[in-house]
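Undergrad: Structure, please.
(chains A and B)
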Amino acid sequence: MLVQGIKSRPVYRGITIDPQARRHLVVLQGEGAEALLEQKGSLTPEILSRMEILFVAGAARGKDHDKTLAALSADIFWQAPTVETLLFRLGGSLDKAKMGTRLYIAGTEGFIGRAMQLALDRGMDFQSIPTEHRGSEARRVQCVHCKGITDNVTTSPFTCSHCGLPLLVRDHYSRRLGAFQGVNIDAEEPGTAPEPEELFL
Amino acid sequence: MAIAFRDETFRDDFTYRNSPEAVRRFPFPFDQDNYMYSVNMEPHVIGRKGSVYENLIDVDEHFVSEMRDRALVLKEDPLRYQALPHMMTAQWDTLELLMEQQALGYPEHFSLTKDGNRWRWVNRPMGIDDTFTFGDASTLSYEPLEYITRQAQGDFCIVDQRDGNLWMDAGMVTTQADWSLDFDVGMNFMEWHGPVPLAHQAGVFDRALKFLLNLQQGKPTRRFNWTMTINPRLDTSPENYPKWGPDRGTVTPENVGEKVHLRVELQSLWRLPRSNAILFVIRCYLINMQDLVSVPKWGRRFHRVLKSLPPELADYKGLTRYRDTTVEWLSKHDDGAPTSPGIWPD
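TA: So this is what the prediction gives:
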């Protein structure tokens, strides 16, 4: 379970497939594949014939999710080698998407945030996009000072991968940036940063 | 009466000071001897002469120097100004409102002449005399919101109203108490207030949102917020925290009077006529402890407020490191006498 009570953090309600949609664009990362596979019983041939699945194995490599997803025989199943390449392809699919297309995103929080950004940039309303958090609780964090983003942050404080400041990970999330906020933890007395604690595994 | 604008700095050598008149008109925000969050809103109407309520958009002796400081912040970090693309109508609404209010309140310093859509804006203290076409952004040197907020004191956010919520979709934020427009832009009312402790549980934000969604044109509303700042620094942004954070460790019993400042935000909220958005003006005033205690009621009361502040609030406002030293210093200016109701000096 994710930490509750962070007002700015999105609520990930799950990616139940909407039978009304004309087209399903399902974007899955790692264990996010299970979010779709667990609904197998309700995935009719008609729904699958209108579904495009984009998948990146990430940390779930070796679990054969790619084979299981391919076996669904959706209209399109495409596997990306990395998150970057998946997002590039997603951008292309969204540019060509027509009215009635529903986008679903499942994976780590950082991944959901990045895929969501592509959709928001194209004018989609975040409230219309079902999301499901699966896998690690690592956070994607933006350094508020240098604006650099560090992915897969599991500790607080952590060292900004851009400017090198020790950053406290605040419970404040920006959907536009797809990231939590990192703030210099020892600004008032440089050199006094506490040891990193594993908080987001 | 013409304002004598001061030439002063809010960084490096910190030459900012309040004149005796500015001390007397300081918006002391506490109407009782303790403080807790509340939906402390009241109609934003013209108030007593010689106070910050003399005009609805207040211009004071710090205007020119504040605008110079804003320009410096923007040179370093242009993202302190942002506006999402759908906010252009609201930008023009804001330009009109600020020009009209400044010209109305301070005719000796500002004037606005309209000939249809052809407008002439004169800002004498800053040596600006521009003619432009209202509604045509290409006739101004910046987008309308950036143009006018480079010539108006305070931070400015424009919130869009849709889906029963308010969305922070544009702003000029260079004099903020530790929040980032760049991070918060695009958020809704609950989201951008997310980090504030205690108030969510108390239902303060639910009630405030309900109130604001019903805000009417021509009936602006206002409230106070406050914190404290070491040295008269306007730009206490999270972006620059490594620059101003160390100041908090420099307070000693000897320098409290000069260094420690009460920072008051007079927030006013205005429904905009064309866009139906809300303009949120966050006007910042700074006063050092020495000047504050020159009004005996304020010295007594602020001592009691600071001493009894809940620790969560002291932490959130970043006061922990110098609170005790300041309370101790203030205690010498509190004889225990009862204080009169209201915010005004006796």
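Undergrad: From now on I want contacts and neighbour counts done on CA atoms only, so please keep to that.
TA: Fine.
Undergrad: Show the contacting residues for residue B:216.
TA: By Cα atoms under 8 Å, 6 or more residues apart in numbering or on different chains, the residues touching residue B:216 are B:270-271.
Undergrad: redo that, cut-off 6 Å
TA: For residue B:216, the contacting residues are residue B:271, by Cα atoms under 6 Å, 6 or more residues apart in numbering or on different chains.
Undergrad: Residue A:145 now?
TA: Counting by Cα under 6 Å, 6+ apart, residue A:145 has contacts residue B:239.
Undergrad: Before we move on, what's the pLDDT of it?
TA: Predicted confidence (pLDDT) for residue A:145: 97.
Undergrad: Surely it is within a strand?
TA: No. Counting by DSSP: H, G, I helix; E, B strand; the rest coil, residue A:145 is not found in a strand; it is coil.
Undergrad: what about the most centrally placed residue in chain A, which SS state?
TA: By Cα atoms, centre = their mean, chain A has its centre lying nearest to residue A:112, at 1.8 Å. Put simply, residue A:112 is helix when judged by three-state DSSP.
Undergrad: Nearest spatial neighbour of it, chain-adjacent residues omitted?
TA: residue A:105 (6.0 Å; Cα to Cα, 6 or more residues apart in numbering or on different chains).
Undergrad: Could I get the average pLDDT for the strand or helix carrying residue A:93?
TA: Element membership of residue A:93 [criterion: DSSP states H and E] is helix A:83-96. Helix A:83-96 shows a mean pLDDT of 97 in the predicted model.
Undergrad: List the buried residues of that helix.
TA: For helix A:83-96, burial by neighbour count (16 or more other Cα atoms under 10 Å in any protein chain shown) applies to A:83, A:86-87, A:90-91, A:94.
Undergrad: what's the answer for stretch A:30-44, then?
TA: For stretch A:30-44, by 16+ other Cα under 10 Å, it's A:30-36, A:43.
Undergrad: Tell me where chain A has strands.
TA: A:23-29, A:51-56, A:76-80, A:101-107, A:131-133, A:139-143, A:149-153, A:155-156, A:158-159, A:166-174, A:179-184, A:197-198 (DSSP state E).
Undergrad: Select, out of those strands, the one closest to residue B:41.
TA: strand A:166-174 (26.3 Å; Cα to Cα).
Undergrad: and the gap between the residue nearest to the centre of chain A and residue B:145?
TA: Separation of residue A:112 from residue B:145 (Cα to Cα, to the nearest Å): 33 Å.
Undergrad: Likewise for residue B:273?
TA: Taking Cα to Cα, one finds residue B:273 at 15 Å from residue B:145.
Undergrad: Pick out the residue of the stretch 51-200 of chain B closest to chain A.
TA: Nearest to chain A, among the residues of the stretch 51-200 of chain B, is residue B:191, at 4.0 Å (Cα to the nearest Cα).
Undergrad: Let me know how buried residue B:68 is, in neighbour terms.
TA: 17 (other Cα atoms under 10 Å in any protein chain shown).
Undergrad: same thing with residue B:225?
TA: Neighbour number of residue B:225 under other Cα under 10 Å is 16.
Undergrad: OK, contacts around it?
TA: Residue B:225 neighbours (Cα under 6 Å, 6+ apart): B:264-265.
Undergrad: hmm, back to that, wait, which of the strands of chain A is closest to residue B:155?
TA: strand A:166-174 (20.7 Å).
Undergrad: Now do the contacts for residue B:343.
TA: B:28, B:30-31.
Undergrad: do that again at 8 Å, thanks
TA: Residues in contact with residue B:343 (Cα under 8 Å, 6+ apart) are B:27-32.
Undergrad: May I ask which of the residues you listed has the most neighbours?
TA: residue B:28 leads the contacts of residue B:343 on contacts (other Cα under 10 Å) with 24 neighbours.
Undergrad: Check the contact between it and residue B:298; I expect there is one.
TA: Yes. Counting by Cα atoms under 8 Å, residue B:28 does reach residue B:298; the two are 7.4 Å apart.
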